[in-house]
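**Student:** how would this look folded up:
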Amino acid sequence: MERLLPTKITDHWDYASVASLTRNILECYLIFFYFCIDSVSYTEWECRYNIFNLHDCTRRKKLFESEILGDCDQDIQGFNKQISELKDRLINNEYFNNNLSDKQKKDYLKGNKHLLLSQDEVIEKMGLSLDNFRFSYIFLSNQIHTLPMNFYRMGEQIRGTGVHSDVEEDYTQMCVDITIKYLEKAINDMENLFG
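**Tutor:** Numbering: from 1, shown residues only. Okay, the predicted model is just below:
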């Protein structure tokens, strides 16, 4: 069987890579909205910020505890100090104390979650269609993970070979459309913040 190869590097079609970048842009916009656009009280914003930082710090600590990195005791001590400070900030935060259940507080203090809201709640606050967002997110996620949708039916759709096909072009165009939508939202939001 003859393998189809692109004739030059600019002819290489790889919508899965475009999907990965698109999903990253989409997720970056969600975080941007969550911290910079969503209008909340300062105590709620501070709670969000400390939850985000606690998640980051606990994840970094876990990485540094890996035997792969070798002796990182000094770094781990630093993370423990930061974790303690962040937990204290949360425990003393009015929003954290008055708006979360004991179970939620316990979970957030473990550093297990990075957002105070679910992804769906952020989407709803943005005023976007949850169905449209879910479609885009599921489509993009299935392209960047090793899931069946990523590689089933490749032969019948002539995709994933790097050669131009209608499917490669359509999927790439879908990714570009999604990217434009969120970049335009970010530009408008930035203009409203600083314009």
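**Student:** surely Ile37 is in contact with Glu191?
**Tutor:** No - Ile37 is not in contact with Glu191 according to CB atoms under 8 Å; the separation is 11.8 Å. Yep, even glycine has a C-beta here, placed from its N, CA and C like the rest.
**Student:** neighbour-wise, which of the two wins?
**Tutor:** With other CB atoms under 10 Å as the criterion, Ile37 and Glu191 differ in neighbour count, and Ile37 comes out ahead with 17 against 9.
**Student:** ramachandran coordinates for that one?
**Tutor:** Ile37 adopts backbone torsions of phi -110, psi -40, taken as degrees, to the nearest 10.
**Student:** Asp71 versus that one, what's the distance?
**Tutor:** For Ile37, the distance to Asp71 under the criterion CB to CB, to the nearest Å works out to 43 Å.
**Student:** buried residues in stretch 164-171, which are they?
**Tutor:** Residues of stretch 164-171 classed as buried by neighbour count (16 or more other CB atoms under 10 Å): Ser165, Val167, Glu168, Tyr171.
**Student:** grab the nearest non-local neighbour of Lys110.
**Tutor:** Beyond its immediate neighbours in the sequence, the residue positioned closest to Lys110 (CB to CB, 6 or more residues apart in numbering) is Thr58, lying 7.4 Å away.
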